[in-house]
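A.B. asks: sequence below, structure please.
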Amino acid sequence: MWPRIGGLRALALGTPGGLRADLNNLVLAGVKTATAGLIGEYAEENEELEHVGERLALVDDHDALVGVVEITGVEVVRFADVPWEFARAEGEGDRSIEEWRAGHGAYWARQGTPVTDDSRIVCLRFRLVSAEGSVGT
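C.D. replies: Numbering: from 1, shown residues only. From the prediction side, this is the model:
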């Protein structure tokens, strides 16, 4: 199971270190309003998919709370079918869906889970509710 912070499931973006810090900063700046994950990670962690209206604790490398986001959309699609509009909402600077697919495919391969066009991707959309630990907001 994923860690819980103040009763909320944790959202740990990317991998620890510079990548997670950069992604968290994009969320806190309002630039990143979406993130993609592999459906298999949910089964491995015995977790259910997020649902619209659920709030998640955005955490740093030490599972410390840096903000709270609220899920505004959840969709599971094939890797080849992730739309450009979603990829752009991830706010990571990709200039095309092809660039997004190449970058995300390489990321997941480095993590030990290569993806194919048919891999199922969880596309989460969210909005920032609060920053710096206001879990009860």
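A.B. asks: centre-most residue in this protein?
C.D. replies: By C-alpha atoms, centre = their mean, the chain has its centre lying nearest to Thr35, at 3.3 Å.
A.B. asks: name the nearest residue to that one, ignoring sequence neighbours.
C.D. replies: Leu124 (5.3 Å; C-beta to C-beta, 6 or more residues apart in numbering). (Glycine included, C-beta is placed from N, CA and C.)
A.B. asks: tell me what the one you found is bridged to.
C.D. replies: Beta-bridge pairing for Leu124 (DSSP bridges): Thr35, Val74.
A.B. asks: read off the pLDDT value for the residue nearest to the centre of the chain.
C.D. replies: As predicted, Thr35 sits at a pLDDT of 98.
A.B. asks: show residues contacting the longest helix anywhere in the chain.
C.D. replies: Secondary structure of the chain read by DSSP state H shows that its longest helix is helix 97-110. The contact list for helix 97-110 (C-beta atoms under 8 Å, 6 or more residues apart in numbering) reads 36, 38, 79-80, 82-84, 87, 90, 92, 94, 114-115.
A.B. asks: give me the buried entries from those.
C.D. replies: Those of the contacts of helix 97-110 that meet the buried threshold are Ala36, Leu38, Phe79, Val82, Ala87, Glu90, Glu92, Asp94, Val115, by 16 or more other C-beta atoms under 10 Å.
A.B. asks: understood, closing this out.
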